[in-house]
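**Q** Predicted model, plus sequence, below.
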Amino acid sequence: MDRLKGKVALVTGAGRGIGRAIAEALQAEGAVTVATSRSEPDGSFGSDIDYHRLDVASDEDWATVCATVLDRHGSIDVLVNNAGIIAYEPLHELTVADWNRVVATNQTGVWLGMRTVIPQMLRHGGGSIINLSSIWGSAAVEGAHAYHATKGAVRNMSKNAAITYARNNIRVNSVHPGFIDTPLTEAQDPDVNDFVVSRTPMGRAGRPAEIAAGVVFLASDEASFVTGSELVIDGGYLAQ
Ligand code: NAP
């Protein structure tokens with residue numbers, strides 16, 4: 001219950017889906033939890049969760065929200081870069097606008113989050129950063145070229161940050177979900193969903209809480225020697 005007591009955690013894209021489950025799990029383990037999202041969340045958060053509007057692609061939003069959180073809570077010990085969007089177009093059908101839109105949220109957003117939060121982690125003696133990649137950060141299906149590009153980038157950005165700040169007690173890890181039941185996947189072509197689930201050795205979709213459990217571990221001091229790692233939570237998909 002108190003695995004994160006004394007820590008302040010900020011989660012992006014927490015309005016629904018995996019991000020919401022992560023925010024609720026961090027709060028349940030005792031973290032002072034700051035949930036953020038670009039648009040109105042699906043339903044309000046309880047009074048135990050501090051909510052702020054934050055578009056991860058906006059440098060100004062990061063500066064404003066982090067200043068407010070530091071003023072109110074004193075530190076940000078855990079950063080979960082969860083916000084992400086998908087575009088399904090194959091490489092030759094992608095427009096520059098679509099490419100830029102996906103990169104802005106999935107890749108630039110992760111960099112801006114780390115760039116904003118790391119200086120105060122350096123001042124406070126450490127922290128834990130968890131970046132949401134995907135099984136498509138390590139393997140491929142047809143199409144969704146920009147999504148694959150950004151999720152692969154998140155995987156390696158996490159490793160670079162882990163090495164760069166290892167001696168500063170800042171741990172950086174990536175999490176790689178397989179197919180998870182969320183509003184994102186509910187909105188997808190059912191044939192795509194059936195295909196991915198049929199290729200998942202456990203034969204089912206994952207639940208947001210199953211991703212949140214991994215994030216709680218990486219955020220906690222139980223993971224004190226874990227940095228630069230990829231936590232795959234995918235029902236066995238990548239083991240094939
Ligand atoms: P989701 O249900 O679509 O939720 C994503 C959340 O991110 C929404 O609240 C969305 O809010 C927010 N968001 C999007 N762009 C944003 C931005 N620029 N700034 C701030 N918030 C933004 O997605 P999900 O399935 O929970 O996915 C969460 C993460 O896990 C993503 O990074 C995704 O790539 C990754 N993932 C998911 C799966 C899966 O099967 N579900 C698998 C592998 C990886 P808006 O209303 O503003 O769009």
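**A** Right, received. Where do you want to start?

**Q** contacts, neighbours, all on C-alpha from now
**A** Will do.

**Q** Relative to its centre, which residue of the protein is most distant?
**A** H92 (28.0 Å; Cα atoms, centre = their mean).

**Q** The residue positioned nearest the centre of the chain and the ligand, how far apart?
**A** By Cα atoms, centre = their mean, the chain has its centre lying nearest to N82, at 2.2 Å. According to Cα to the nearest ligand atom, to the nearest Å, N82 and the ligand sit 5 Å apart.

**Q** Provide a list of residues in contact with that residue.
**A** V11, T12, G13, A14, I18, G19, N131, L132 (Cα atoms under 8 Å, 6 or more residues apart in numbering).

**Q** Could you rerun that using 7 Å?
**A** N82 is in contact with V11, T12, G13, G19, N131, L132, counting by Cα atoms under 7 Å, 6 or more residues apart in numbering.

**Q** Phi and psi next, for the last one.
**A** Meaning L132. Per-residue torsions, L132: phi -80, psi 110 (degrees, to the nearest 10).

**Q** is it true that it touches V172?
**A** No: with contact defined as Cα atoms under 7 Å, L132 does not reach V172; the gap is 11.1 Å.

**Q** For these two, indicate the residue with more neighbours.
**A** Counted by other Cα atoms under 10 Å, L132 and V172 do not tie: V172 has more neighbours, with 31 against 27.

**Q** Can you classify the more buried one as helix, strand or coil?
**A** strand (DSSP: H, G, I helix; E, B strand; the rest coil).

**Q** I figured it was touching E230, is that so?
**A** No: using Cα under 7 Å, V172 is not in contact with E230, being 9.7 Å away.

**Q** Do I have it right that D2 meets E29?
**A** Yes: here D2 reaches E29: they are 4.7 Å apart, a contact under Cα under 7 Å.

**Q** Show me which residues of this structure sit near the ligand.
**A** By Cα under 6 Å from any ligand atom, the residues of the chain that approach the ligand are 12-19, 37-39, 54-57, 82-85, 105, 132-134, 177-185.

**Q** So for whichever helix in the chain runs longest, what gets flagged as buried?
**A** The residue-count maximum for a helix in the chain (DSSP state H) belongs to helix 145-164. By neighbour count with 16 or more other Cα atoms under 10 Å, helix 145-164 contains the buried residues 145-159, 161-162.

**Q** Could I get the full set of strands for the chain?
**A** Secondary structure of the chain, counting by DSSP state E: strands at 8-11, 32-37, 49-53, 78-81, 127-132, 170-177, 230-233.

**Q** export those to a markdown table and tack on mean pLDDT?
**A** Formatted as a markdown table, the strands of the chain follow (pLDDT from 0 to 100):
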| stretch | mean pLDDT |
| --- | --- |
| strand 8-11 | 98 |
| strand 32-37 | 98 |
| strand 49-53 | 96 |
| strand 78-81 | 99 |
| strand 127-132 | 99 |
| strand 170-177 | 99 |
| strand 230-233 | 98 |
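
**Q** for the protein, which spans come out with low pLDDT?
**A** Regions of the chain meeting the criterion pLDDT under 70 are absent.

**Q** which residues in this structure form helices?
**A** Using DSSP H, the helices of the chain run over 17-28, 59-73, 96-103, 109-124, 145-164, 183-186, 190-198, 208-219.

**Q** Contacts for the second one, please.
**A** This points to helix 59-73. Applying Cα under 7 Å, 6+ apart, the external contacts of helix 59-73 come out as H52, L54, D55, V56, I76, L112, G113, T116.

**Q** How about the first one?
**A** The list of residues contacting helix 17-28 from outside it, by Cα under 7 Å, 6+ apart, reads 1, 11-14, 33, 35, 82, 182-183, 208-209, 211-212, 216.

**Q** returning to that earlier point: hey, which of the helices of the chain is tucked in deepest?
**A** A comparison of the helices of the chain by mean neighbour count, using mean count of other Cα atoms under 10 Å, puts helix 17-28 on top with a mean of 24.
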